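Peer 1: no letters, just coordinates:
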C-alpha cells in the first residue's frame, strides 16, 4: 500500500510541472459546459419541459456532467499506456515488484483529485455567475457509490483498449479515438440518454457506457429510484467485475506477445 | 554455486515482412507473410555468484534478448532458465527484489523531477527499510560523486550525470544480480572509465553477479574475466578473455620502422603476411612460433629504427570470429 501512496505523491508533484497544459485542459472543460449550458437555456426559453426534463433538472445535468466527467472519464495519465507498450517503456515496470495496472490507477487517481479540486472551484464560480436554480440531490449516497463504481469501470475499459497496443504497437490512436467518441455520446456526456427512444436505453444498459456518466447523474436527479436503483447499482458492480476480468485477460495474453522492443 | 542457469534457451520472434512501397503496404493489410527470427538459438551457460561476465556480439546477436529473458520480460520459446532458484518470467517479487536491469539507451527516472524523487519511489516499490536506504544511497552517492546534483531536475542533467543517477536508481535495493545492457553507450571516454571503475567496485564490494553487454571492447577487456560471445543467436565462445587470444590468435604482429627508405614490399612479403606498408613503417603478421626468428632476421637484414612485437588486438580477433572465419 505504501508504495502506491508514494506513486501518488510523486505523481502529484509531477503534475505541477505542466501548468499551462493543465490550465488549457480545464479551460476546454469549461467551454464545453458553457456550450451545452447555453444550448439548453435556449431550448427552455420556449418550453417548460423538454423530454421530461424541467429546466432545473437539465441545467443540473449539465453542471453534473462536468463534475462526473472530471471524476470518471478523464484519464490523462493512463492514456500513456499504449505508448509505453509500443516503445518498450513497459519493461521498466515489469522488472519491478509493482503492479502496472495498480500503478497507473494510482496515477490516475492523483490527477483526478487535482482535477476535482479545480472542477469544484469552477462550478462554484459558474454557479455564482449564472445563478441557475439547481435540483437538490435525491440519492446522494447512491450517487457517490455509482460514481466510484464508474471510476473502476472506466479505468478497466480504458486500459483494456490501450492493451491492444500489444498486438499493434504502431498505434492504437484509431481505437482510442473511437472509444472516446463512444464514451462522450453513449455515456451521456453530451445529452441525457433518456431523451433517446426507449429501446435504445434498454439496449444501452447492456454496454458499459451509460454506467459511466448517465446513471450516476440520473440517480442524483431522482430519475432512478427504488428497486430500479438497486438494480442499476448491482449492474454497475457486475460491470466492474466483468471489465476487470476482461482487462486482466487481455493483459496476460498481451504479455505473452510483448517483445519489449526499442530497448 | 550457479546463480544463473540457462539450458538450451531458444527465443524466436515472428516478424512480418512488408514489400516495399505503397502497394506492399496495402498487400500487407490483407495478407501478411510471417517468418521466424531466431534471436536466441539453443544457448546454454551457467554463471556463478560474484562473477562479472561480458556478453559480446554484433548488433542483433541476441545479447539483449537473453538479458530480457533473464529479467522476466520475455517468455522463451523453449528451454530452461533459472536465476536464484526462480523462473524469471513468473515475475515473483521475491526474485525481482534481487536483480536489476539497466539499459543504457533509455531511462526510468522521472524526467521532470529531481532524481532523488525517483530514488524514493524505488525505495518504496522495493520495500527497502529506511536505514538501509539511507546507507545505500549515501554509499552510492559518494562512489559516483553526485551529491550536489541530487536535487536537480533530471532533464537538466548531462547524459553522463543522468547515467549515474540511473545506476543509483537501479541499485537502491542492493540487487544481487545486475544486468547491464550497454551501460557506457554514448558516454565520453572519461565517463566510460568512471562507469567501469564503478561497476568493478560494486562487483567487488557487494559480491554481486554482473552480466554486461557492450559494443566497447574496452569495457569487456577491463572488467570481465569471462566472456560469452554470441552471434546470430548462437553461443560461439564461453571462457576467459585470454583464451580467445590463445585459441584464435595463432599469429603475432611485428611493427617495424625502418631508418632508411630502401625497403621494397617484395622483400617483406617473404617474411610473412604484410598487413600494411607505409614507408618507413610496416606491419607484418607472422606465425606465433616463428615470430622471434623473423624479428631477428629483420634486425639483421635491414637498418631498423624501431621494432615492436605484439599480440593482435582483441577487437581484431573478435571481428574475424564474427566475419565467419572458421576457427573450429
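Peer 2: Happy to help now that I have it. What you see is a predicted model, and the numbers here were worked out from it, not measured in a lab.

Peer 1: residues in chain B within reach of chain A, list them.
Peer 2: B:13, B:64, B:68, B:71-75, B:91, B:93, B:96-97, B:99-101, B:103, B:105-106, B:108, B:110, B:112-113, B:117-118, B:120-122, B:124-127, B:181 (CB under 8 Å from any CB of the partner chain). C-beta: built from backbone N, CA, C; applies to glycine.

Peer 1: next up, the contacts around the residue of the stretch 1-150 of chain A found nearest chain B.
Peer 2: Among all residues of the stretch 1-150 of chain A, residue A:97 sits closest to chain B, at 3.6 Å; criterion: CB to the nearest CB. Counting by CB atoms under 8 Å, 6 or more residues apart in numbering or on different chains, residue A:97 makes contact with B:93, B:96, B:97, B:125, B:126, B:127.

Peer 1: hmm, 6 Å instead?
Peer 2: B:93, B:96, B:97 (CB atoms under 6 Å, 6 or more residues apart in numbering or on different chains).

Peer 1: again, but for residue B:222
Peer 2: By CB under 6 Å, 6+ apart, the neighbours of residue B:222 are residue B:196.

Peer 1: tell me the pLDDT at the residue positioned nearest the centre of chain A?
Peer 2: By CA atoms, centre = their mean, chain A has its centre lying nearest to residue A:73, at 1.5 Å. Looking at residue A:73, its pLDDT reads 84.

Peer 1: kindly report the same for residue B:168.
Peer 2: So residue B:168 comes in at 93 (pLDDT).

Peer 1: buried set for the helix or strand where residue A:247 lies?
Peer 2: Per DSSP states H and E, residue A:247 falls inside helix A:226-257. By 16 or more other CB atoms under 10 Å in any protein chain shown, the buried positions in helix A:226-257 come out as A:229, A:232-233, A:235-237, A:239-240, A:243-244, A:246-247, A:250-251, A:254-255.

Peer 1: ok, stretch B:245-259 next?
Peer 2: The neighbour-count check on stretch B:245-259 (16+ other CB under 10 Å) flags B:248, B:249, B:251, B:252, B:253, B:254, B:256, B:258 as buried.

Peer 1: buried subset of the residues of chain B next to chain A as a PyMOL selection?
Peer 2: A single PyMOL command is used to select the members of the residues of chain B next to chain A judged buried by 16+ other CB under 10 Å:
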select buried, chain B and resi 13+64+68+71+72+73+74+91+96+97+99+100+101+103+108+110+113+117+118+120+121+122+124+125+126+181
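
Peer 1: for the buried residues of stretch B:245-259, give me JSON lines that also has secondary structure.
Peer 2: Listed next are those as JSON lines, based on DSSP: H, G, I helix; E, B strand; the rest coil:
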{"residue": "B:248", "secondary structure": "helix"}
{"residue": "B:249", "secondary structure": "coil"}
{"residue": "B:251", "secondary structure": "strand"}
{"residue": "B:252", "secondary structure": "strand"}
{"residue": "B:253", "secondary structure": "strand"}
{"residue": "B:254", "secondary structure": "strand"}
{"residue": "B:256", "secondary structure": "strand"}
{"residue": "B:258", "secondary structure": "strand"}
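
Peer 1: which among those residues gets closest to chain A?
Peer 2: For those, the closest approach to chain A (CB to the nearest CB) belongs to residue B:248, at 31.6 Å.

Peer 1: in the chain, which spans are helices?
Peer 2: No chain specified, so I'll use chain A. For chain A, the helices defined by DSSP state H occupy A:2-15, A:19-46, A:55-72, A:81-87, A:91-94, A:100-130, A:140-162, A:173-186, A:198-204, A:214-221, A:226-257.

Peer 1: that's the other chain; I wanted chain B
Peer 2: B:21-30, B:63-70, B:93-96, B:115-125, B:130-144, B:159-171, B:189-206, B:217-223, B:241-248, B:265-269, B:291-301, B:314-322.

Peer 1: can you tell me which of the ones you listed is most buried?
Peer 2: Mean neighbour count (mean count of other CB atoms under 10 Å in any protein chain shown) peaks for helix B:63-70 among those, with a mean of 26.

Peer 1: can you tell me what sits against it?
Peer 2: So helix B:63-70 is in contact with A:260, B:11, B:39-40, B:55, B:57, B:74, B:76, B:83, B:88, B:179, B:181, B:213, B:230, going by CB under 6 Å, 6+ apart.
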